[in-house]
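Chemist: my questions are about this predicted structure, shown below with the sequence.
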Amino acid sequence: MFAELRPPYELHKHQIRALSAIESAFADGRRRAWVVLPPGAGKTLTGLEAARRLGEPAVAFGPNTAIQGQWMREWSRFGGTAGSDVALSAPLTVLTYQALASFDPEAEVAEEGGERSHLVRLRPRGRELVAALQAAGDLTLLLDECHHLLDTWGELLAEVLELLPRARVIGLTATPPDRLTAVQAELVERLFGPVIQGPSIPAVVRDARLAPYAELAWLTEPTPREQDWLAAEAERFTELTTDLLDPAFADVPFLHWLERRLVRREVEGQQDALPWARLERHEPELARAGLRFHCAGLLPLPEGARIREEHRQPPTADDWICLIGDYVRRCLRPRGQAAAVEAIRAALPSVGYQLTARGVRAGRSPIDRVVARSEAKVHAVAEILAAEHDSLGDRMRGLVVCDHERATATLPARLAGVLHEQAGSARLVLETLVADKRTALLSPMLVTGRTVAAGAETARAFAAFCSEESLHPVAGEGVVEITGSWSSRTWVALATRFLQEGGTQVLIGTRAMLGEGWDASSVNTLVDLSEATTATSVVQTRGRALRLDPSWPAKVAHTWSVVCVSRARPKGLADWDRFVRKHDGYLGITDSGAIMAGVAHVHPELSPYGPPEQSAFDTLNVSMLERARDRGRVRELWRIGTPYEDMLTHVLRVTPARPTAAETDGWAPPTFVPAVHGIEPRPDDNSSKVAVATAGALASTSWVLFEAGVEWGLAGLPLAALAGWRVRSWRRARVGRMALEEVAERLDLAQLAYALADTLRRCDLAGRGAEAVRVEPDGSGSYQVTLAGVRPAQSALFSRSLDELISPPVRPRYLIPRYIVTPGPRQALALMAGEPEPNAVVYHAVPEALAANGGLARVFSTAWNTWVSAGRAFFADNHKGAALLLAQGGGSPLDVSTALRLAWE
């Protein structure tokens, strides 16, 4: 049917692979395929080429008229003509989902009661379309942005597809399968089968098919007026938390209850305490809140608990609520403590919670509304756009994405005088940018499904640009609307062209209008003010800035998140939590060149578990502006055109308590390691190799000894002969000190990672060993440690095990000693005399994956002795192990803090 048509462009490799996977799926007997391709990677072209190759009548569905128009224009570039009527009279028909999914509300319930099927509820036009699809017989259905079907029209789709057994169905989306909910993933599997996964966004950037990009953030506090209101609003909850810490609050004080519940973990009718691991597995929010209370000095550390990054944050209002709810349900109500329960009930609404008979129920807090729509965020937009314009000049093209055009609901009386009437709206953004001299130069415009507005001068220029339209004369000054006899489809297209040609440098709009389906390749600066955090909305919003710009081949896109935080107020972190959810699983480039998921790609010091101190906001914002000024560096960091694996790997970020350097240049095992006394040669399977290695190592350091004044021939003597050297004592001391210092200074993070990696490989738990370990500084004093070139599950095991190895031991099955050399004059003389002094020792937990049995622990001991220290792993889940850990004080054996991260390579 479409033999004479051809794609208008050469297909890229990821499109070719997707088409090949579709053909293979259909050749294997499948009739449905769910295809994932990033925004800007050519989903429309891929879908149309698949339909052309199948050669059957085709129907394409999209979520809005903008996408409908895209499909029709792209098909015309193939040389075909697309129709848009439900009679399906053209070989290719392009419709919106609404053409099908339009329901008759009166048909929702059957006469005999109960809900009707979705097909029965369709309006006549929808039923006509279903009949036409059935009559078509063999046809191809193309479902663009098919993630909409999972939430809105999924059940209807299932019913329609049941009626079309001869149809081949191709769903196209940019939402990665790992970002779907469990319910959504089950629906995709049921309706389409296995997902055809295309490349990730970073892969397409590396292939030079999308623009390189950086994710940036601007952190702000609420305005002083908003802060005053927040302080007053939170006063009642603050009083409650203060009262809860008073032992007289109830018969069983709050902290006493928490100690019984979380520290001693008493279980009625049982003599033994509930294991911490079980509590953490079944009640993770309760366990996390309890450990945050511990880190705040309010509770002892429960036995078996391990402090991780997520716990090293001040308790939030949600943590308090979690513990309070448990306190009410399990302690106060069973004991009839009505006065205490009533005090809690009265305080909770101030932070958006209600105490009910079944527990605590969450709702949206007015505090969250103030923070999410703070006027400070709008002023931040002006700062960002002014800075980007200073950097790019006339080349800057900005897009500001909001949730709504204007606030239609009346502000609650309690927020009157606190929030602007148009708080959080695109309209307020426009008014602010027009009023600021720096951003007024950018001729900002508001474009939504209902309105086109701008400053008067810009409005008149746009009206002249649209001379072929019947527009009303622009009157007045300040912000004015452009009106006329036109539709949103027309004015959005014209405003987009006005942006492309530089008539305006900033468009302000809503996700609904300037989201999926909207295309302006010149956009290089996107400011996200929306509150939506779903994977689909995040990918679609950011995709607006990633398309290549033919007029600027060196384009680099910046996406800014504006985050308002009031850390001292209950629920004042809600905007931060949204920021974290947006970046969860989304990949971006760090300032050191790593491609990471989560907020770490914005700045390495940002944590998903809480914002930085507010005193650091200005410093972080300045660093963001400095990064934004150097787009060329961002482009270099992406290393466009270089090879990649396109897979995720797990990373452990390690931050030493004191500045230090990690050796990353090589991975050859050391010749000597610390021992119980002094140092000793590392072990080797072949005793003859030990002698050679020892002699070779001593010879390799002869130049050092020569510089120290030692006779050349002494450098090759065996270690045991050092005591017999006939040289002056100061010279012997200097040589001994140098030998000790070499061992003491060499120990670093990399050696521990090498020992672990080699063990995992020898135990068939990883495909590579020490040679694949990467220890790289991230520019903030921390190090990123990863095991490269292995499957994601193996890299996850390595990162998790290294975290266990260098963190404080928590009820380990096996411990292993690490001896610490002290390179002082006395120790040096003792070493040279053949009677080395005993070394200090710390104990590391053998990682859980290697502690299942003694055999695994012995393999780890061998690698440990090769890379790190003498000493053998020993069983420690007994009184001896507990005593050793008690003597060690429960601290980290390396004095570091850790955080698990996800990276791309």
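Modeler: Perfect, I can see it now.
Chemist: pLDDT below threshold where in the stretch 301-450 of the chain?
Modeler: Along the stretch 301-450 of the chain, segments meeting pLDDT under 70 span 408-417.
Chemist: ok, now with 80
Modeler: Along the stretch 301-450 of the chain, the parts satisfying pLDDT under 80 run over 350-352, 363-366, 407-423.
Chemist: all strands for it, in order.
Modeler: Secondary structure of the stretch 301-450 of the chain (DSSP state E, counting those that start in this stretch): strands located at 353-356, 359-362, 398-402, 445-447.
Chemist: so which of those gets nearest residue 186?
Modeler: Across the strands of the stretch 301-450 of the chain, residue 186 has its closest neighbour in strand 359-362 (26.1 Å, C-beta to C-beta). Glycine gets a C-beta too; all of them are placed from N, C-alpha and C.
Chemist: show me what the closest one is packed up against.
Modeler: Packing contacts for strand 359-362, counted by 3 or more C-beta pairs under 8 Å, 6 or more residues apart in numbering; DSSP states H and E, involve helix 317-327, strand 353-356.
Chemist: related to what we said a few turns ago, please work out which of the strands of the stretch 301-450 of the chain is packed deepest.
Modeler: Stretch with highest mean neighbour count among these: strand 445-447 (a mean of 28; mean count of other C-beta atoms under 10 Å).
Chemist: in TSV: the helices and strands packed on strand 359-362, plus distance to residue 21.
Modeler: What follows is the helices and strands packed on strand 359-362, written out as TSV (distance: least, C-beta to C-beta, whole Å):
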stretch	distance to residue 21
helix 317-327	43
strand 353-356	48
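Chemist: any idea which of the ones you listed is most buried?
Modeler: helix 317-327 (a mean of 22).
Chemist: mind listing residues that contact that one?
Modeler: For helix 317-327, the external contacting residues (C-beta atoms under 8 Å, 6 or more residues apart in numbering) are 237, 241, 244, 254, 257-258, 261, 285-286, 288-290, 292-293, 344, 348, 351, 353, 359-360, 362, 570-571.
Chemist: gap between the nearest residue to residue 529 once chain neighbours are set aside and residue 517?
Modeler: Among residues not flanking residue 529 along the chain, residue 402 sits closest, at 4.9 Å (C-beta to C-beta, 6 or more residues apart in numbering). For residue 402, the distance to residue 517 equals 17 Å [C-beta to C-beta, to the nearest Å].
Chemist: got it, and residue 761?
Modeler: Distance from residue 761 to residue 517, by C-beta to C-beta: 49 Å.
Chemist: you'd agree residue 453 is in a strand?
Modeler: Yes - according to DSSP: H, G, I helix; E, B strand; the rest coil, residue 453 belongs to a strand.
Chemist: for it, the count of nearby residues, please.
Modeler: Residues within reach of residue 453, counting by other C-beta atoms under 10 Å, total 24.
Chemist: which residues does it form a beta bridge with?
Modeler: For residue 453, the beta-bridge partners under DSSP bridges are residue 446, residue 481.
Chemist: now it: how far from residue 504?
Modeler: 12 Å.
Chemist: dihedrals phi and psi, the nearest residue to residue 391 once chain neighbours are set aside?
Modeler: What sits nearest to residue 391 in space, not counting adjacent residues and going by C-beta to C-beta, 6+ apart, is residue 629, at 5.0 Å. Backbone torsions of residue 629, given as degrees, to the nearest 10, read phi -70, psi -20.
Chemist: please apply the same query to residue 531.
Modeler: Note on residue 531: backbone dihedrals following degrees, to the nearest 10 are phi -100, psi -10.
Chemist: do the same with residue 598
Modeler: phi 90, psi -180.
Chemist: neighbours around it, how many?
Modeler: When neighbours are counted by other C-beta under 10 Å, residue 598 registers 21.
Chemist: ok, back up a step: does the residue nearest to residue 529 really touch residue 424, like I thought?
Modeler: Yes - if you go by C-beta atoms under 8 Å, residue 402 and residue 424 touch, sitting 7.1 Å apart.
Chemist: common neighbours of those two, please.
Modeler: Common contact partners of residue 402 and residue 424 (C-beta under 8 Å, 6+ apart): residue 529.
Chemist: follow-up on the earlier one: buried subset of the contacts of helix 317-327 as a ChimeraX selection?
Modeler: Those of these that count as buried under 16 or more other C-beta atoms under 10 Å are selected in ChimeraX with:
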select :237,241,244,254,257,258,261,286,288,289,290,292,293,344,348,351,353,360,570,571
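Chemist: within the helices and strands, which one has the residue nearest to residue 600 when sequence neighbours are not counted?
Modeler: Residue nearest to residue 600 in three dimensions, not counting chain neighbours: residue 901, with 5.3 Å by C-beta to C-beta, 6+ apart. In the assignment (DSSP states H and E), residue 901 maps to strand 896-904.
Chemist: list the contacts of that strand.
Modeler: Strand 896-904 is contacted from outside by 200, 202, 308-309, 312, 585, 587, 594-598, 600, 607, 644, 646-657, 749, 784, 786, 799-800, 803, 806-807, using C-beta under 8 Å, 6+ apart.
Chemist: who touches residue 614 in this structure?
Modeler: 221, 565, 567.
Chemist: that one and residue 623, how far apart?
Modeler: 16 Å.
Chemist: check residue 430 too.
Modeler: With C-beta to C-beta as the criterion, residue 430 and residue 623 are 29 Å apart.
Chemist: out of the two, which sits in the more crowded spot?
Modeler: Neighbours were counted for residue 430 and for residue 623 using other C-beta under 10 Å; residue 430 has more, 27 against 15.
Chemist: and residue 25, that's in a helix?
Modeler: Yes - the assignment for residue 25 (three-state DSSP) places it in a helix.
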